[in-house]
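A.B. asks: Build me a model:
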Amino acid sequence: MVFARIAALLKHTTGVDAESIGAGSVQRAVRKRLAAQGVTDLEAYWEQLCASEFELQELIEAIVIPETWFFRDSEAFAALVRVVREEWLAKHVEGTLRVLSLPCSTGEEPFSMAMALLESGVPPTRFHIDAVDISTRAIAWAERGIYGKNSFRTKDLRFRDRYFQPVERGHRLSEAVRRQVSFRSGNLLSADGLHGAHDYDVIFCRNVLIYFDRATQCRAIDILGRLMTPSGLLFVGPSETGLLLDQGFVSAGIPLAFAFRQAGASAPQRRAGPTPAAAVVAAQPVAAKQPQPKPAAANQTGSATQHWIDEARHFANEGKLVEALTCCELNMHGEPASAEVFHLVGLLHDAAGRVREAAEHYRKALYLDPRHPEALVHLAVALQKDGDARGAQRLFERANRQSSAGERKAGGWRE
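C.D. replies: Below you'll find the model as predicted:
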C-alpha cells in the first residue's frame, strides 16, 4: 500500500511514527500535497516523493504542526535559571553557556530561555542558544520574530511588555533577545543536520520523543547524550521521563521541570534558599514550610486559588511531591472546578510514577476543557504506558486535528 510506504519514508526521515500521530493525519497530509501538485495518481506521487528532496520537505511541513507558546511549562525555565545561576556561573568564571533547543518549532521556547536568563541577571555575553528544527517554515517564522496571540497563552504577560513591541498583526521581539539565539534547520536523527554541534551545557528536547517508536527513542537519546557536556542537563517532557531513566540518565531532582543528567555526572551543590527571581517564569516562593489550607474567607477569590497553586508548584520544585499533592488536596475541595488544577495534579502523579492516577486527573482536566493541549498529549502517553495503544492513538489524532484547526482559524500557517 502506497500510504504505508510513505509513512515508512517519513519515519525513516523524521523519526515520527505514523501510529503516534494517527495514520489519518499522514493520509490527510498526503492528500493535501496531491491537491497542491495537481496529481491524482498516488503511485506517481510516491515516485515524485522519492526523487525530490523538495517535495519530501513539503510533505514533512504538512505533517509537522507547531504547537508551542512562550513560557510553556514555566517550571522548566525557572529550573534553567536556578541551575545556571547557582551551579554553572559559580563553576565557570568565564566562558559561554551553550544551550540547545531541539526541536525549536517557531522559536517560542529558545526565546523564552533567553528572556528568562536575561531577566534573572545573566549577562548576555555569558550564554548563547542554538535552535534547531526540521521545519524550514518554522525556522523562517522564528527568524522573523513577530508573534500573534496564539503565542501568548500564559496568564502573566509582563514579559511581553518588557521584550516586545506591538506591530501590525502581532508583537515584534526585541533585538536584545533575538541576538541571543541562532536558528538553523536540522534533524535530531541526522548526523549531517547537527554537524558541529557538541558540548551543550543545557538541552531542551521536550515532547518529541513520545512520537518515536522505541528503537528511535533509544537512538535519539543516545545522540542527545553525545551532544551534552559530562555534567550537562537535559530537559524533556513529563511523559518522557521513564525513557530517560531506562537509558542511563538520572533525575536532576527538580520535579515538574523534568530535567536529567547522565549517570555518573556530578553537579555542584546548590546553595540553600529560594530560586533566584525570574519574574517572567517562576512563581514567587512562599514562606510556609508545610501545606496549609487557604482562609475560608478567601475561598471565592481567584488570588487565593492562585496562591495555593503557586505553593504546590513551589513544593514540587523543591522535590517535595507529597507536600505538593497534600497542598492540592487541602485546597481543591469547595473550589470551582479547574482544568489547570486537575492537570497540575496529574503532572504530580506522573512525576511520582503513578500513571493511572495521572490519567484520571488528565481526564478530569479534559472534561472541563476538551481542548486542553497538554492534558490531551499527557493522557495519550499515559494510555500508551498502560497498554491502551488504540485509545492513545485516538487522543494523538485529536490533538493533531485540534492544532490543524487552530491554524485554519488563525487564517494562515500560523497566527
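
A.B. asks: Give me the below-cutoff pLDDT ranges for the stretch 301-415 of the chain.
C.D. replies: Within the stretch 301-415 of the chain, the ranges that satisfy pLDDT under 70 run 301-305, 317-319, 333-337, 400-415.

A.B. asks: in it, which spans are strands?
C.D. replies: Counting by DSSP state E, counting those that start in this stretch, the stretch 301-415 of the chain forms no strands at all.

A.B. asks: Check the stretch 151-300 of the chain too.
C.D. replies: Under DSSP E, counting those that start in this stretch, the stretch 151-300 of the chain gives strands at 164-167, 170-173, 181-185, 200-204, 228-235, 249-251, 259-262.

A.B. asks: Go through these and find the least confident stretch.
C.D. replies: Set side by side, these give their lowest mean pLDDT on strand 249-251, at a mean of 87.

A.B. asks: that older thread, turn the strands of the stretch 151-300 of the chain into a markdown table, including distance to residue 103 and mean neighbour count.
C.D. replies: Yep, even glycine has a C-beta here, placed from its N, CA and C like the rest. Putting the strands of the stretch 151-300 of the chain into a markdown table (distance: least, CB to CB, whole Å; neighbours: other CB atoms under 10 Å) gives the following:
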| stretch | distance to residue 103 | mean neighbour count |
| --- | --- | --- |
| strand 164-167 | 23 | 13 |
| strand 170-173 | 19 | 20 |
| strand 181-185 | 10 | 18 |
| strand 200-204 | 9 | 24 |
| strand 228-235 | 13 | 20 |
| strand 249-251 | 19 | 17 |
| strand 259-262 | 18 | 24 |
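
A.B. asks: Out of the ones you listed, which is closest to residue 102?
C.D. replies: With CB to CB, the closest approach to residue 102 among those belongs to strand 200-204: 6.7 Å.

A.B. asks: ok so, going back, now the strands of the stretch 151-300 of the chain in TSV, please, with extra columns for distance to residue 51.
C.D. replies: Shown next, in TSV, are these (distance: least, CB to CB, whole Å):
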stretch	distance to residue 51
strand 164-167	41
strand 170-173	38
strand 181-185	21
strand 200-204	35
strand 228-235	37
strand 249-251	40
strand 259-262	41
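
A.B. asks: which one of those lies closest to residue 1?
C.D. replies: Using CB to CB, the nearest of those to residue 1 is strand 181-185, at 30.5 Å.

A.B. asks: what does the closest one contact?
C.D. replies: 101, 104, 107, 110-111, 114, 128-136, 139, 142-143, 193 (CB atoms under 8 Å, 6 or more residues apart in numbering).

A.B. asks: In the stretch 201-350 of the chain, mark out all the helices, start to finish.
C.D. replies: 214-227, 241-246, 302-317, 321-332, 339-351 (DSSP state H, counting those that start in this stretch).

A.B. asks: Deepest in the core, which of these is it.
C.D. replies: Highest mean neighbour count of the helices of the stretch 201-350 of the chain: helix 339-351, a mean of 23 (counted as mean count of other CB atoms under 10 Å).

A.B. asks: Show me what that one packs onto, helices and strands only.
C.D. replies: Judged by 3 or more CB pairs under 8 Å, 6 or more residues apart in numbering; DSSP states H and E, helix 339-351 is in contact with helix 302-317, helix 321-332, helix 355-368, helix 373-385.

A.B. asks: Distance from the chain centre to the third one, please.
C.D. replies: Distance of helix 355-368 from its chain centroid, counting by CA atoms, centre = their mean, to the nearest Å, is 19 Å.

A.B. asks: for that helix, which positions count as buried?
C.D. replies: If you call a residue buried by 16 or more other CB atoms under 10 Å, then helix 355-368 has these buried ones: 355, 357, 358, 359, 360, 361, 362, 364, 365, 366, 368.

A.B. asks: Residue 349 is in contact with the third one, correct?
C.D. replies: What that stands for is residue 358. Yes - using CB atoms under 8 Å, residue 358 makes contact with residue 349 at a distance of 3.9 Å.

A.B. asks: picking that back up, of the strands of the stretch 151-300 of the chain, which is nearest residue 121?
C.D. replies: Minimum separation from residue 121 across those (CB to CB) falls at strand 200-204, 17.2 Å.

A.B. asks: quick one on the thing from earlier: and the contacts of strand 181-185, which are buried?
C.D. replies: By neighbour count, with 16+ other CB under 10 Å, these hold 101, 104, 107, 110-111, 114, 129-135, 139, 142 as buried.

A.B. asks: All set now, cheers.
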